[in-house]
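Student: I'll drop the sequence and a predicted model, then ask my questions.
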Amino acid sequence: MASRTPLMAGNWKMNLDHLQATQLVQKLDWTLKDAEHDYGAVEVAILPPFTDLRTVQTLVEGDKLSLVYGAQDLSPKDEGAYTGDISGAFLAKLGCTYVTIGHSERREGHGETDELLNEKIQAAYRHGLTPILCCGEALEIRKEGRQVDHVLGQIEADLAGIPVEQVRTIVIAYEPIWAIGTGEVATPEDAQEVCGAIRGKLAELYDEATAAGIRILYGGSVKSSNVSEIMGKPDVDGALVGGASLKADEFAKICGFETA
Ligand code: PGA
């Protein structure tokens, strides 16, 4: 049984300017220090808007903070005439560890296809960034009971041609769309059903050992009051947290889920 370090990642979405980011990062750091958070036992990441990243880098490097950070998206291209896009090379220069790819708000709101996401995953690896690849089904798909097939189809298409040496480090976030920002969290059993199936798919696409080492997160209305139960499931290795990551106390409690 591979040991997977749990990851709690705060997806800030389009919230907090760079001044507000400073306040939240400092407060989160103090709160976690007060709680004697063991970063080796539970990794803590934040995913702020692009415009906050330089500020976050300065804080993390200047004050030697233990949390890591990343971006919410990247361009599939490295440089050139792509107005408004952000290169993975720039994110790497800003010290990003992670980059979120294929969040449902981008798949749906920006028409991002699995082919595009596959290119973005390749771009992330070209620049030494670790993708947090998001997947998940809409409510109507769940009502039809097709959530597993749907998500496995996304995973297979998004990872097409990604070699095993790269995929070993990927993080996958299962986020049922009907649970995002709705307060309607999936049951631990719902989360386990799909996260377990994702691991099975990874074993089929690659091998058992690779699948056993990949972290699979659950996301969708995660709070300090429901995180422990979800984390109790064998194939859930962390959480991608939206709304609750904007409050230092609440996010710190989520990071300390083992003691909650
Ligand atoms: P939520 O968002 O925690 O606010 O539901 C999760 C996400 O979209 O990553």
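Tutor: Sure thing, it's come through.
Student: leaving out sequence neighbours, find the closest residue to residue 206.
Tutor: Nearest non-adjacent residue to residue 206, counting by CB to CB, 6 or more residues apart in numbering: residue 164, 5.0 Å away. The C-beta positions use only the backbone N, C-alpha and C, and glycine is treated the same way.
Student: ok, residue 236 - contacts?
Tutor: The neighbours of residue 236, taking CB atoms under 8 Å, 6 or more residues apart in numbering as the test, are 188, 191, 192, 195, 216, 217, 218, 230.
Student: ok, for whatever residue of the stretch 151-260 of the chain ends up closest to the ligand, nearest residue in space, not its chain neighbours?
Tutor: As assessed by CB to the nearest ligand atom, the ligand sits closest to residue 242 within the stretch 151-260 of the chain, at 2.2 Å. The shortest distance from residue 242 to any non-neighbouring residue, by CB to CB, 6+ apart, is to residue 11 (5.0 Å).
Student: please apply the same query to residue 89.
Tutor: Closest residue to residue 89 apart from its sequence neighbours, by CB to CB, 6+ apart: residue 127 at 5.3 Å.
Student: quick one, phi psi at residue 22?
Tutor: Backbone geometry at residue 22, expressed as degrees, to the nearest 10, gives phi -60, psi -50.
Student: ok, it to residue 52 distance?
Tutor: Separation of residue 22 from residue 52 (CB to CB, to the nearest Å) stands at 9 Å.
Student: same deal with residue 115?
Tutor: For residue 115, the distance to residue 52 - CB to CB - is 30 Å.
Student: of those two, who's got more company?
Tutor: Remark: of residue 115 and residue 52, residue 52 carries more neighbours, 24 against 12, as counted by other CB atoms under 10 Å.
Student: and the more buried one, what does it touch?
Tutor: Contacts of residue 52 by CB under 8 Å, 6+ apart are 12, 16, 17, 18, 21.
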